[in-house]
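Participant: For reference, the sequence and a predicted model appear below.
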Amino acid sequence: MAGILIGLVIGLPWLGALVLWQTRDENPRLQHTLAVAFSIAAGVASLALIPFASAETAISIPMGHYFGELTFTADGLAVALTAIACVIGSLAVIFSVDYMQGEEQLSRYYAFVLLFIGAMAGLVLSGNLLFMFFFWEITALCSYALISFYNDDPKAVAGGIKALIITQVGGVGLLAGALTTYAVLGSYQVSDLLAKAETMPAGLLTLIAFGFLIAAAAKSAQFPFHTWLPDAMEAPTPISALIHAATMVNAGVYLLARFYPAFQHVAGWTLAVTIVGLVSALITAFMALTATDLKRALAYSTVSQLGYMVYAIGVGGVFASQFHLLSHAVFKALLFLSAGAVIHSAGTRDMRRMGALGKQMPFVRNVFILGALALAGLPILNGFWSKELILEAGLSEGPLWAYVGMLLGAGMTAFYTLRMTWIVFFGEARESLHVHDAGKAMKVSLGLLALGTLTTWLLAGPFGEMLDETLPFHSIHNLNLSELANEIFTAPATYVALAMVALGLAIFWLFRKQATAKSEAWMDILSRESFGFDWLNGQVAERTVQFASVLQKTQTGVLSWNVVGILGALLAVLIFLVWSA
């Protein structure tokens, strides 16, 4: 049964993508209906897969000597991320019914959304590294196509290209790790790497471990690859929610959690993971303090929260990391879609033009506040429980200086979250914006996500038990609900973290006039230029173009010679493969 359901969660969205691609834009109602139907069907199939979670291989298809077996495994880690991708993806599609009303090229929009959802499910369910890479690259293609959906907008196209280029660096890291694994073990199977990691030469295992870290950092927009995600905000807002909560950026965190048992003893790897998470969490939280674009502020927040998850893996808190991934998926989707309702109504993303919108948009205001409270880590919403588990893991297993840094990040998160909420929904109206509350389809998605923000922490016990039973190489710190509550509320670290959150809220409240006024020029520059990393990205791109221009001399412009070159290279590769075999 698990094999059938795996086929459905990947196949249904992809079938829907093919069907939508063939529909005509003259019938938008049919397009909306088909997209919703296929996405909901995939969401139902993903939830039905959860009871069948198992460490055993569900599907195995021989693919020949050089590709091994195409396998799919529905263990706890995979089915959780599959459900996140498919369920939240379906809610983003439902929201799109109102948000994309009147837009052109809906067939292209929905086709790539459904392809994206199916690819993410395939990525996390795949038990073969080479085919994991295949799905990994499809998600990159979909993100590029959707970020650049408004292809007559130069900023959207530039944002899509930037995302594609930076995430391809991660693709190289993943492919290098997969090929090295095959060269040493003669297998692409994920289970073989986890089982035999200790028998591999230390140098090659280190190469694989850091190759996967580069892949994860680029995919999840972590330092030093964090610059692409804020620029991806030129996409339609439902796509922003899909990328930030359900698909793209979760893949990197998943990769680190999946292979943590294989790499935890590699010299310097866990420290490097901890530092990447810490730096990502802090610098993007700082950038959010003065952000004026509503979606960019949420994007900085996403990078920061992903930093918490990466940090948790670095200190050995795999369960805490994945539990926060679940919590974050729900409340960040709620925040992005709520922001989408505001932007769709107000016609602007600039928070400096907003103010007092809560009076005209009471439903959106209320659900946004729920998401904001979860982001800030206030009891008893889902973000509170998972973030406290991360901080406790950091205090008990990680370096003290990193824990102190993460506490500082918690305070900054509370500050920028209250600032964002206050500027948009409270205070004084800065312009006379004629806004209206969310439409019916929007309210369905927002209401369900708000309910999830209030309740998904209740899944901690079953979620931990599922991970513990189906991940034989991970040592999962499993807690039932009462044990979770007891551990968190009796730990002094919880009250230290809440004190930092309260301090962040208090500082904003005391200095709210200054915090909502025009920020200092140096802070604007730091945020806009991503602490200089945008400049660095530009330099790398420029040098790459210069190097590529040298290779232009190899292009004769004569088709026959180009074909000879391609066939010659292919023949050389085949000779090498036969010789090495």
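Facilitator: On my side now, so go ahead.

Participant: By residue count, tell me the biggest helix in this protein.
Facilitator: As assigned by DSSP state H, the longest helix anywhere in the chain is helix 154-185.

Participant: could you say what helices and strands that one packs with?
Facilitator: helix 129-147, helix 190-196, helix 202-219, helix 228-231, helix 248-258, helix 533-551 (3 or more CB pairs under 8 Å, 6 or more residues apart in numbering; DSSP states H and E). In this view, the C-beta of every residue, glycine as well, is placed from N, C-alpha and C.

Participant: Now stretch 23-34: average pLDDT?
Facilitator: Mean per-residue pLDDT for stretch 23-34: 85.

Participant: oh, I was asking about stretch 318-325
Facilitator: For stretch 318-325, the per-residue pLDDT averages 93.

Participant: who's in contact with the residue nearest the centre of the chain?
Facilitator: In the chain, the residue lying closest to the centroid (CA atoms, centre = their mean) is residue 249, at 2.1 Å. Residues in contact with residue 249 (CB atoms under 8 Å, 6 or more residues apart in numbering) are 219, 220, 221, 229, 243, 302, 306.

Participant: same deal with residue 431?
Facilitator: 353, 354, 355.

Participant: How far does stretch 385-392 sit from its chain's centre?
Facilitator: Relative to its parent chain, stretch 385-392 has a centroid offset of 19 Å by CA atoms, centre = their mean, to the nearest Å.

Participant: what residues does that stretch touch?
Facilitator: 308-309, 311-312, 317, 319-321, 323-324, 326-328, 377, 403, 406-407, 410, 457, 460, 484, 487-488, 491, 493-494, 497.

Participant: now with 6 Å?
Facilitator: Here stretch 385-392 makes contact (CB atoms under 6 Å, 6 or more residues apart in numbering) with 308, 312, 317, 320, 323-324, 327, 377, 457, 488, 491, 493-494, 497.

Participant: show me where the stretch 1-150 of the chain has strands.
Facilitator: Shown for the stretch 1-150 of the chain, the strands assigned by DSSP state E, counting those that start in this stretch span residues 57-62, 69-73.

Participant: hey, which of the ones you listed is tucked in deepest?
Facilitator: Of all the strands of the stretch 1-150 of the chain, strand 69-73 has the most neighbours on average by mean count of other CB atoms under 10 Å, namely a mean of 21.

Participant: Poorly predicted segments of the chain, please.
Facilitator: For the chain, residues meeting the criterion pLDDT under 70 lie at 514-548, 551-562, 576-581.

Participant: how big is the angle separating the longest helix of the chain from helix 248-258?
Facilitator: With axes from the mean of the first three to the mean of the last three CA atoms, to 10 degrees defining the directions, helix 154-185 sits at 20 degrees from helix 248-258.

Participant: circling back: most surrounded residue in the contacts of residue 249?
Facilitator: Using other CB atoms under 10 Å as the neighbour criterion, residue 306 leads the contacts of residue 249 with 32 neighbours.

Participant: Skipping its backbone neighbours, what lies nearest it in space?
Facilitator: Among residues not flanking residue 306 along the chain, residue 220 sits closest, at 5.0 Å (CB to CB, 6 or more residues apart in numbering).

Participant: quick one, phi psi at that neighbour?
Facilitator: For residue 220, the backbone dihedrals (degrees, to the nearest 10) come out as phi -100, psi 20.

Participant: That one touches residue 254, doesn't it?
Facilitator: No. Residue 220 is beyond contact range of residue 254, at 8.9 Å (criterion: CB atoms under 6 Å).

Participant: Please enumerate the helices of the stretch 201-350 of the chain.
Facilitator: 202-219, 228-231, 237-241, 248-258, 260-263, 269-288, 294-314, 318-346 (DSSP state H, counting those that start in this stretch).

Participant: neighbouring contacts of the helix or strand just after the longest one?
Facilitator: Moving toward the C-terminus from helix 318-346, the next helix or strand (DSSP states H and E) is helix 362-376. Contacts to helix 362-376, defined as CB under 6 Å, 6+ apart, come from residues 331, 334-335, 338, 341, 358, 381-383, 413-414, 417, 421, 425, 437-438, 446, 450, 453, 501.

Participant: what sits against residue 437?
Facilitator: Applying CB under 6 Å, 6+ apart, the residues contacting residue 437 are 361, 363.

Participant: swap the cut-off to 8 Å and go again
Facilitator: When contacts are counted by CB under 8 Å, 6+ apart, residue 437 is found next to 341, 345, 360, 361, 362, 363, 364.

Participant: ok, back up a step: right, and the helices and strands packed on helix 154-185 - which one's nearest residue 66?
Facilitator: Closest to residue 66 of the helices and strands packed on helix 154-185 is helix 129-147 (CB to CB; 9.0 Å).

Participant: what's around residue 380, how many residues?
Facilitator: Other residues lying near residue 380 total 12 when counted by other CB under 10 Å.

Participant: Surely it and residue 455 touch.
Facilitator: No. Using CB atoms under 8 Å, residue 380 makes no contact with residue 455, being 10.0 Å away.

Participant: secondary structure element for the closest residue to residue 330 other than its chain neighbours?
Facilitator: In space, residue 330 comes closest to residue 452 once its chain neighbours are excluded; the distance is 4.2 Å by CB to CB, 6+ apart. Using DSSP H and E, residue 452 sits within helix 440-455.

Participant: quick one, the helix or strand following that helix and helix 248-258 angle?
Facilitator: As assigned by DSSP H and E, the chain's next helix or strand after helix 440-455 is helix 460-470. Interaxial angle, helix 460-470 versus helix 248-258 (the same axes, to 10 degrees): 50 degrees.

Participant: before we move on, back to that, out of the contacts of residue 437, which are buried?
Facilitator: 341, 345, 360, 361, 363, 364 (16 or more other CB atoms under 10 Å).

Participant: Now for the first one: which residues touch it?
Facilitator: Think residue 341. Taking CB under 8 Å, 6+ apart, we find residue 341 in contact with 99, 361, 364, 437, 438, 442, 446.

Participant: how about a cut-off of 10 Å?
Facilitator: 95, 98-99, 237, 361, 363-364, 367-368, 435-439, 442-443, 445-446 (CB atoms under 10 Å, 6 or more residues apart in numbering).

Participant: The closest residue in space to it that isn't next to it in sequence: neighbouring residues, count only.
Facilitator: Closest residue to residue 341 apart from its sequence neighbours, by CB to CB, 6+ apart: residue 438 at 4.3 Å. For residue 438, the count of nearby residues is 25 (other CB under 10 Å).

Participant: got the contact list for residue 438?
Facilitator: 95, 98-99, 337-338, 340-342, 344-345, 361, 363-364, 367, 444-447.

Participant: rerun at 8 Å
Facilitator: Contacts of residue 438 (CB under 8 Å, 6+ apart): 98, 341, 345, 361, 363, 364, 446.

Participant: mind giving me JSON lines with those residues and columns for distance to residue 430?
Facilitator: Below are the contacts of residue 438 laid out as JSON lines (distance: CB to CB, whole Å):
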{"residue": "98", "distance to residue 430": "26"}
{"residue": "341", "distance to residue 430": "19"}
{"residue": "345", "distance to residue 430": "16"}
{"residue": "361", "distance to residue 430": "15"}
{"residue": "363", "distance to residue 430": "22"}
{"residue": "364", "distance to residue 430": "18"}
{"residue": "446", "distance to residue 430": "24"}
